[in-house]
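Asker: Sequence first, then the predicted structure:
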Amino acid sequence: MVYQDTHCHLNLNQFDNDLEQVIQRAQQQGVNRILVPGIDMETSRRAVELSEKFDPVFAAIGVHPNNATSWETGSLPGLRELCSHPKVVAIGEIGLDYYRDFAEPTLQMEIFTSQLDLALETSKPVVIHNRNALHDLMPILSEWVSRWHRSDKTQGKKPGVLHAFDGDLESAIQAINFGFYIGVAGPVTFSNAKERQRVTKAIPLQAMIAETDAPYLAPHPFRGKRNEPAWVSLVVQKISTLKGLSLEETTLTLVDNGNYLFGWRSSD
């Protein structure tokens, strides 16, 4: 089987001591594409560096809402410059987070909309983070998506993914109608994640991509441990079970979805 991990923070210090082994284990498991998103300027640059060093790795660049206070005058030009790298395939991880009080909502929205504009300017999809902010997030995305679909530069392209989606079915369907994929991560494997499983079962497989969010959100039976991209296979297996589909069909569809969203191609 061939897998893709469409969200994995190999650029964080949790992987400093064994990064090459982590990537090797992922490849041995059949993972041949790994998207590494930035959360600030430093980690965005690090994501690009990793993409240059490791063939399976591609980069997303952006400033996370919890790092909004790091935004400065040079951030947007710096991100724009990184966008020219051939292995930068998305803008992210960007969005809104009202769960943690790390930045004022007004500042979060300001840098979020700036980065959405950059995505439109560069015709790159976005990797969206949300925690407790759907009431503000969805109206912003609605307006932006209308511009995305009207742009001559983005014809035939998907606007992005709602990463590690934990919202309700109605919000998932709204996002899918906007053109977004729904990112499914490790918590879908938890025995107490009944609502998340219900949403995953109900939405079309053609609207999903699989991810780990490593080093966070390790799937069962590794819950509580440092996550890594090799374990995306457990997420895919759970999706297969919930949908009542073969693992082969599930895997092939998810890989096709990742290829379509990010414009990369599987090498196997």
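Answerer: Thanks, I have the structure now.

Asker: Which strand or helix spans Gly92?
Answerer: Per DSSP states H and E, Gly92 falls inside strand 88-97.

Asker: ditto for Leu141
Answerer: According to DSSP H and E, Leu141 maps onto helix 134-150.

Asker: For the residue lying closest to Ala218 once chain neighbours are set aside, give me phi and psi.
Answerer: Residue nearest to Ala218 in three dimensions, not counting chain neighbours: Asn227, with 3.8 Å by CB to CB, 6 or more residues apart in numbering. All C-beta atoms are positioned from the backbone trio N, CA, C, and that covers glycine. Dihedral angles of Asn227 (phi, psi; degrees, to the nearest 10) stand at phi -80, psi 160.

Asker: Could you double-check that Asn227 sits in contact with Leu234?
Answerer: No: in this structure, Asn227 is not within contact of Leu234 by CB atoms under 8 Å, at 10.1 Å.

Asker: between the two, what contacts are shared?
Answerer: By CB atoms under 8 Å, 6 or more residues apart in numbering, Asn227 and Leu234 have these common neighbours: 186, 219.

Asker: ok, those two, which is more surrounded?
Answerer: Using other CB atoms under 10 Å, the more surrounded residue of Asn227 and Leu234 is Asn227, with 24 against 20.

Asker: and that one, what is it in contact with?
Answerer: Asn227 sits in contact with 186, 212-219, where contact means CB under 8 Å, 6+ apart.

Asker: Now do it against Ile173, distance only.
Answerer: According to CB to CB, to the nearest Å, Asn227 stands 28 Å off from Ile173.

Asker: likewise Thr106?
Answerer: In terms of CB to CB, Thr106 sits 29 Å off from Ile173.

Asker: So for those two, which residue has more residues nearby?
Answerer: Per other CB under 10 Å, whichever of Thr106 and Ile173 has more neighbours is Ile173, with 16 against 8.

Asker: Not counting residues beside it along the chain, what's closest to that one?
Answerer: Once flanking residues are discounted, Ile173 sits nearest to Ile203: 7.1 Å by CB to CB, 6+ apart.

Asker: In this structure that neighbour contacts Gln174, no?
Answerer: No: look at Ile203 against Gln174 with CB under 8 Å: they stay out of range, at 11.2 Å.

Asker: Name the residue in these two with the higher neighbour count.
Answerer: Ranked by neighbour count (other CB under 10 Å), Ile203 and Gln174 place Ile203 first, with 20 against 16.

Asker: Disregarding residues adjacent in the polypeptide, which is nearest to Leu242?
Answerer: Computed as CB to CB, 6+ apart, the closest residue to Leu242 that is not its neighbour in sequence is Lys201, at 4.4 Å.

Asker: make that Pro215, sorry
Answerer: Spatially, and ignoring its direct neighbours in sequence, Pro215 is nearest to Gln14 (4.1 Å; CB to CB, 6+ apart).

Asker: can you count the residues close to the one you found?
Answerer: Other residues lying near Gln14 total 17 when counted by other CB under 10 Å.

Asker: likewise Lys225?
Answerer: Lys225 has 11 neighbours, counted by other CB under 10 Å.

Asker: Does it touch Ala218 like I think?
Answerer: Yes: using CB under 8 Å, Lys225 is in contact with Ala218, at 5.1 Å.

Asker: hey, what's in contact with both of the two?
Answerer: If you check Lys225 and Ala218 against CB under 8 Å, 6+ apart, no residue is contacted by both.

Asker: follow-up on the earlier one: and the residue nearest to Pro215, how close does it get to Tyr98?
Answerer: Going from Gln14 to Tyr98 by CB to CB gives 25 Å.
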